[in-house]
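I would like the atomic coordinates for the input below:
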Amino acid sequence: MVRTVAVTGATGFIGRVLVAKLAASGWRVRALARRVSSQEDNPFIEWISGDLGCSGALCNLVSGTEAVIHCAGAIRGKSWADFYQTNVIGTSNILQAASDTASCSRFLHISSLAAREPLLSWYARSKFEAEEQVSRFTQLASVIYRPAAVYGPGDKAMLPFFQSMRYGILPVPGNPGNRFGLIHVDDLVAAICCWLETDHPMIGTYAIDDGTSGGYDYTSIAMLAQQVLEKPVRCFRIPASSMRMLARLNLWSARLLNYAPMLTPGKVMELEYPDWTCDVSFLRKELVDWYPTIKLQTALPSLVKT
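So this is what the prediction gives:
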């Protein structure tokens, strides 16, 4: 019997990799997307046109599914309302649809490590409040993944950061010694698929990175890049005052021209935060068949030279 799973955010960076992996593994996937390309035809994937604010689309998405994987979310915005509507209200909407469907018993919410510091930014606060929505729907066996920074092929957010090292420069928005976790998108997707295949219903919140003890800092990444490129790569620290001024100007411009900015004062506070590391051992105890296999030093050559 073919099993069916619903996925939100199916055309995003993580969602694309996830949907392809699920379909290749024999799952029938219901995938939510605002726009569906004709190039995305696959007999194992049924595309549902709509968004997290469309109750009809969400009902169609979850009908007959046994689990929901909620990847959708806003990562940029010009106001708190932009993040609140998508990340908080949208999460509540998909949870309600899933709980109203008799066939669906499990829910996985892809959150962010930023949720553990909700005072830093609109994004961090919205992810924290979205997690609180998950806890309200007790009829579902719900799990929250808090991934560290996710990277890999198709990622537009971090690619410029990696490619800059081709020119011998690593931009540093903060202290070069600030530490952070990383996880390759393939390892994150593998952890999602492993959750989907577990025999026992999991619950709880789990941080997830690539298992590197103590994470990374900018200095260690520059050293790895030097080994890959066989030439010096130096950290270039961007003055905090310049970052904050640029962020304020960008936010003002976004409100004037009505676009969703990535760089905002809140994002600068996230970038300057000294410790975005985590401990993946708690998740490993639940997913005994999963372990992250891609370290940055393995992936870096293709990222830097892309």
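
please make it C-alpha for all contacts and neighbour counts, starting now.
Will do.

what segments of this protein are helices?
Remark: helices assigned in the chain by DSSP state H are 13-24, 55-62, 80-83, 90-99, 122-136, 159-163, 185-197, 218-229, 240-257, 265-272, 281-286, 296-305.

what is the burial count for the nearest residue to Leu52 once chain neighbours are set aside?
Closest residue in space to Leu52, ignoring its immediate chain neighbours: Gly90 at 4.8 Å, by Cα to Cα, 6 or more residues apart in numbering. Gly90: 23 surrounding residues under other Cα atoms under 10 Å.

grab the nearest non-local neighbour of Gly77.
Gly77's closest residue in space is Ala260 (Cα to Cα, 6+ apart), at 4.4 Å.

surely the one you found meets Ile75?
No. Using Cα atoms under 8 Å, Ala260 is not in contact with Ile75; the gap is 9.2 Å.

and the gap between Phe162 and Gly26?
Note on Phe162: its distance to Gly26, by Cα to Cα, to the nearest Å, is 34 Å.

and if you look at Ser55?
Counting by Cα to Cα, the gap from Ser55 to Gly26 is 28 Å.

do Asn60 as well
In terms of Cα to Cα, Asn60 sits 21 Å off from Gly26.

pick out whichever of those two has more residues nearby.
Asn60 (17 against 12).

any idea how far Leu32 is from that one?
Counting by Cα to Cα, the gap from Asn60 to Leu32 is 10 Å.

list residues touching both of those two?
Counting by Cα atoms under 8 Å, 6 or more residues apart in numbering, the shared contacts of Asn60 and Leu32 are Ile48.

next, the buried residues of stretch 103-121.
For stretch 103-121, the buried set under the neighbour-count rule, 16 or more other Cα atoms under 10 Å, comprises 104-115, 118, 120-121.

try stretch 50-57
Gly50, Asp51, Leu52, Gly53, Ala57.

dump the helices of the chain to CSV, plus distance to Ile45 and mean pLDDT.
Converted to CSV, the helices of the chain look like this (distance: least, Cα to Cα, whole Å; pLDDT from 0 to 100):
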stretch, distance to Ile45, mean pLDDT
helix 13-24, 7, 96
helix 55-62, 11, 96
helix 80-83, 28, 97
helix 90-99, 19, 98
helix 122-136, 26, 97
helix 159-163, 28, 88
helix 185-197, 16, 97
helix 218-229, 38, 93
helix 240-257, 36, 95
helix 265-272, 35, 96
helix 281-286, 28, 94
helix 296-305, 29, 88
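
in a markdown table: those helices, plus distance to Pro43.
Below are the helices of the chain laid out as a markdown table (distance: least, Cα to Cα, whole Å):
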| stretch | distance to Pro43 |
| --- | --- |
| helix 13-24 | 9 |
| helix 55-62 | 16 |
| helix 80-83 | 34 |
| helix 90-99 | 23 |
| helix 122-136 | 31 |
| helix 159-163 | 32 |
| helix 185-197 | 19 |
| helix 218-229 | 40 |
| helix 240-257 | 40 |
| helix 265-272 | 40 |
| helix 281-286 | 32 |
| helix 296-305 | 31 |
